[in-house]
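Trainee: Quick one, fold the following:
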Amino acid sequence: MSFFRSPQYQVHCMQRAVGPSIIFGGAFTAIDVVLQGAKLTPTLAATNIGGIFVYNVIQCPMEAISGRQSAWHNVFAAATLGGAGVHTGKLGIPFVDATFFYRYPSVSPMMAGAAVYGLLGGVLATLGNKPF
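Mentor: This next block holds a predicted model:
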């Protein structure tokens, strides 16, 4: 059995996601409140912290399947959550102007959201020195 497939590693994988989720979820909550004027609520903080936690935890079974850490896991996790978040109206699409969808009607907002968030996940993984 691969180290990544062991139950001990899977528990560790999920536990190690808690700290970064609280730190970065708190930072994104502060950015929302300070820069975008959002009202500070427990729901806002829980959504940001929980979203980052789920993003990290989704990668654990991918590591078990492939037997290693990979930046592709970040891409797939971010694309999945980004596409679902845009589809449900919980997330916007950064860097994409609304007129894009008039020019390219065959591209749905969910597809664009998955692409943008997947790309961002890949960039962050690359900055963290994860191999593809």
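
Trainee: list the helices and strands the helix or strand of the chain with the lowest mean pLDDT packs on?
Mentor: One helix or strand of the chain scores below all others by mean pLDDT, DSSP states H and E: helix 7-15, with a mean of 92. Helix 7-15 sits against helix 42-66, with contacts defined as 3 or more CB pairs under 8 Å, 6 or more residues apart in numbering; DSSP states H and E. Where C-beta positions appear, they are placed from N, C-alpha and C, glycine not excepted.

Trainee: re earlier: tabulate the CA atom coordinates of the least confident helix or strand of the chain in CSV.
Mentor: Provided in CSV are the C-alpha atoms of helix 7-15 (Å, rounded to 0.1, in the frame of the first residue of the first chain):
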residue,chain,number,x,y,z
PRO,A,7,-5.6,5.8,6.5
GLN,A,8,-3.0,7.6,8.6
TYR,A,9,-1.9,9.8,5.7
GLN,A,10,-5.5,10.6,4.8
VAL,A,11,-6.3,11.8,8.3
HIS,A,12,-3.1,13.8,8.3
CYS,A,13,-4.0,15.3,4.9
MET,A,14,-7.3,16.5,6.2
GLN,A,15,-5.9,17.7,9.5
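
Trainee: Tell me the buried residues in it?
Mentor: Within helix 7-15, the residues that count as buried by 16 or more other CB atoms under 10 Å are Tyr9, Gln10, Cys13.

Trainee: from the middle of its chain, how far away would stretch 86-104 be?
Mentor: Averaged C-alpha coordinates place stretch 86-104 at 17 Å from its chain's average position (CA atoms, centre = their mean, to the nearest Å).
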